[in-house]
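Novice: make a model of this:
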Amino acid sequence: MLKILHQIFRTGIVTEPLDPAEEAKVTLAGAGLEKAVRKRFRRSAAIRLVDAGSCNGCELEISATCNPVYDAERFGISFTASPRFADILLVTGPVSRNMEVPLRRTYDAMPSPKLVVAVGDCGYNGGVFGSSYASLGGVGSVLSVDAYIHGCPPTPSDILNGLLRVIEG
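Specialist: Numbering: from 1, shown residues only. Now for the predicted structure:
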């Protein structure tokens with residue numbers, strides 16, 4: 001145990017700080033996001049993430065919003081494993097035919113009022129996968145979408161700004 005602690009203290013902090021312009025965007029979006037979450041939900045907003053058939057690029061960026069650099073939880077955003085506790089459904093990727101029913105069930109299990117956000121170009125119109133024998137295209141072909149966050153993949157600050165837009169209404 002002491003050996004591990006010694007190594008941690010010797011190594012120090014190894015993460016790089018954000019670019020000042022990116023930090024300003026995150027701070028600005030975060031301040032608005034915290035205010036909007038408290039106004040609309042009176043508490044933190046719980047998000048349920050569903051990968052409907054993506055390449056996982058958007059999931060990596062979404063998980064980056066929760067890392068110590070961006071730290072979305074300080075703005076009142078948290079992720080939940082159960083749709084029964086979720087306020088927002090975040091969907092990535094084109095909806096594959098195999099994910100249509102699970103996506104609808106997840107949506108139906110969420111309490112009202114619920115918001116649906118499609119992340120990435122694939123969530124918008126199917127992206128490079130398009131509509132085919134295995135894909136239904138964008139999330140809008142299966143569910144009513146409240147907001148789209150464009151990009152392939154969108155940056156964490158774009159994701160935070162998109163959540164701000166949808167929560168503010």
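Novice: show me where the protein has strands.
Specialist: Taking DSSP state E, the strands of the chain run over residues 45-51, 77-79, 88-92, 115-119, 147-149.
Novice: okay if I get the ones you listed as TSV plus mean neighbour count and distance to Pro68?
Specialist: Every residue, glycine included, has its C-beta placed from N, CA and C. Below are the strands of the chain laid out as TSV (neighbours: other Cβ atoms under 10 Å; distance: least, Cβ to Cβ, whole Å):
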stretch	mean neighbour count	distance to Pro68
strand 45-51	21	18
strand 77-79	19	15
strand 88-92	26	21
strand 115-119	26	21
strand 147-149	22	22
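Novice: how about those, which one is nearest Glu16?
Specialist: Closest approach to Glu16 among the strands of the chain is made by strand 77-79 (22.8 Å; Cβ to Cβ).
Novice: what's the closest of the strands of the chain to Glu34?
Specialist: Nearest to Glu34 among those is strand 77-79; the distance by Cβ to Cβ comes to 8.8 Å.
Novice: name the strands paired with that closest one and say parallel or antiparallel.
Specialist: Paired strands of strand 77-79, with direction, are strand 45-51 (parallel) (DSSP bridges).
Novice: which residues does the strand it pairs with contact?
Specialist: When contacts are defined by Cβ atoms under 8 Å, 6 or more residues apart in numbering, strand 45-51 is touched by residues 37, 59, 62, 76-83, 85-93, 99, 102-103, 106, 110, 163, 167.
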